[in-house]
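A.B. asks: attaching a predicted model along with its sequence, questions to come.
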Amino acid sequence: MSAPFSFPSDADAPRRALVPLVVPPVVLEGRTVRLEPMALEHAPALAALCEDDIFTHFSVVLRTQEDVERYITRALGAAERGTERPFVIVERETGEVLGTTSYLDIQREHRTLEIGWTWLGRRAWRTRVNTECKYLLLCLAFETLGVMRVQLKTDRRNARSRAAIERMGAKFEGILRNHVLVRGGVVRDSAYYGVIDTEWPEVKARLEGFLQQAG
């Protein structure tokens with residue numbers, strides 16, 4: 001007769017301190033960019049960057065300053081609730097606003113979060129800017145905030161975004177089918193990726209290598 005099935009004991013699982021995750025407003029300095037807490041005063045500079053093709057795979061399209069102001073207002077409301085922390089990407093040398101990026105879906109009790117809503121004006125495409133932003137946000141998440149897992153997601157059809165996420169070393173975790181309705185009723189499948197704390201040293205080394213190559 002076979003032994004009865006038993007569930008694994010919680011004593012065998014890794015454990016972490018149950019301290020709620022709080023992401024304060026901070027400024028992050030890289031060599032090329034500075035990430036500053038987003039504010040309504042950034043709306044004109046961000047609106048000047050908006051072109052339709054930037055938002056091809058986003059859930060909304062920002063075209064006017066009013067669109068950007070609504071986007072910022074929503075993000076600031078989420079920041080007050082502790083579920084998001086939005087940043088503006090600024091070029092250090094010129095002080096020019098290049099785009100935005102955010103911590104999203106901050107899970108206070110589970111110590112996880114997502115990096116998303118990253119979009120750049122055309123001038124910053126195919127530069128070191130996106131890599132440096134991801135590096136700064138991941139360093140803060142894993143090395144200062146003590147995050148357990150960082151999630152990234154994108155439209156399944158967004159080949160450029162998926163290639164960039166995979167290049168940095170995030171693990172593909174699957175497709176969430178019929179995930180959301182975007183841009184007036186378009187059905188989007190979302191590709192999910194993740195980096196966990198034990199993988200961070202390897203991902204960090206990869207990103208530092210890319211940044212060195214970028215000069």
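C.D. replies: Arrived safely.

A.B. asks: so which bits of the lengthiest helix in the chain are buried?
C.D. replies: The longest helix of the chain (DSSP state H) is helix 65-81. Of the residues in helix 65-81, 67-69, 71-72, 75, 78-79 count as buried by neighbour count, 16 or more other C-beta atoms under 10 Å. For glycine as for every other residue, the C-beta is placed from the backbone atoms N, C-alpha and C.

A.B. asks: cool, and stretch 202-213?
C.D. replies: Using 16+ other C-beta under 10 Å as the test for burial, stretch 202-213 gives 203-204, 207, 210-211.

A.B. asks: returning to what we had before: got TSV for the buried residues of helix 65-81, with pLDDT and distance to residue 38 too?
C.D. replies: What follows is the buried residues of helix 65-81, written out as TSV (pLDDT from 0 to 100; distance: C-beta to C-beta, whole Å):
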residue	pLDDT	distance to residue 38
67	97	15
68	98	10
69	98	11
71	97	9
72	98	6
75	98	6
78	97	11
79	97	8
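
A.B. asks: list just the nearest of these to residue 149.
C.D. replies: Taking C-beta to C-beta as the measure, residue 78 is the one of those closest to residue 149, at 19.4 Å.

A.B. asks: with adjacent residues omitted, what lies nearest to the closest one?
C.D. replies: Nearest residue to residue 78 in three dimensions, chain neighbours excluded: residue 84, at 3.7 Å (C-beta to C-beta, 6 or more residues apart in numbering).

A.B. asks: wait, doesn't residue 100 sit right on residue 47?
C.D. replies: No. Counting by C-beta atoms under 8 Å, residue 100 does not reach residue 47; the two are 11.6 Å apart.

A.B. asks: quick one: which of those two has more around it?
C.D. replies: residue 100 (24 against 17; other C-beta atoms under 10 Å).

A.B. asks: name the SS class of the more buried one, please.
C.D. replies: Following DSSP: H, G, I helix; E, B strand; the rest coil, residue 100 is assigned to strand.

A.B. asks: enumerate every residue touching it.
C.D. replies: Residue 100 sits next to 38, 46, 86-89, 117-119 when contact means C-beta atoms under 8 Å, 6 or more residues apart in numbering.

A.B. asks: out of those residues, which are inside helices?
C.D. replies: Of those, the ones assigned to helices by DSSP H are residue 46.

A.B. asks: got a list of what the nearest residue to residue 99 once chain neighbours are set aside touches?
C.D. replies: In space, residue 99 comes closest to residue 120 once its chain neighbours are excluded; the distance is 3.7 Å by C-beta to C-beta, 6+ apart. Residue 120 sits next to 49, 54, 89, 98-99, 129-130 when contact means C-beta under 8 Å, 6+ apart.

A.B. asks: wait, residue 195 touches residue 173, no?
C.D. replies: No. Contact criterion C-beta under 8 Å: residue 195 and residue 173 do not qualify, at 10.5 Å.

A.B. asks: the more surrounded of the two?
C.D. replies: Taking neighbours as other C-beta under 10 Å, residue 195 and residue 173 compare with residue 195 leading, 25 against 13.

A.B. asks: so what pairs up with the more buried one in the strands?
C.D. replies: Residue 195 forms beta bridges with residue 150, as assigned by DSSP bridges.

A.B. asks: separation between it and residue 157?
C.D. replies: Distance check for residue 195 against residue 157: by C-beta to C-beta, to the nearest Å, it reads 23 Å.
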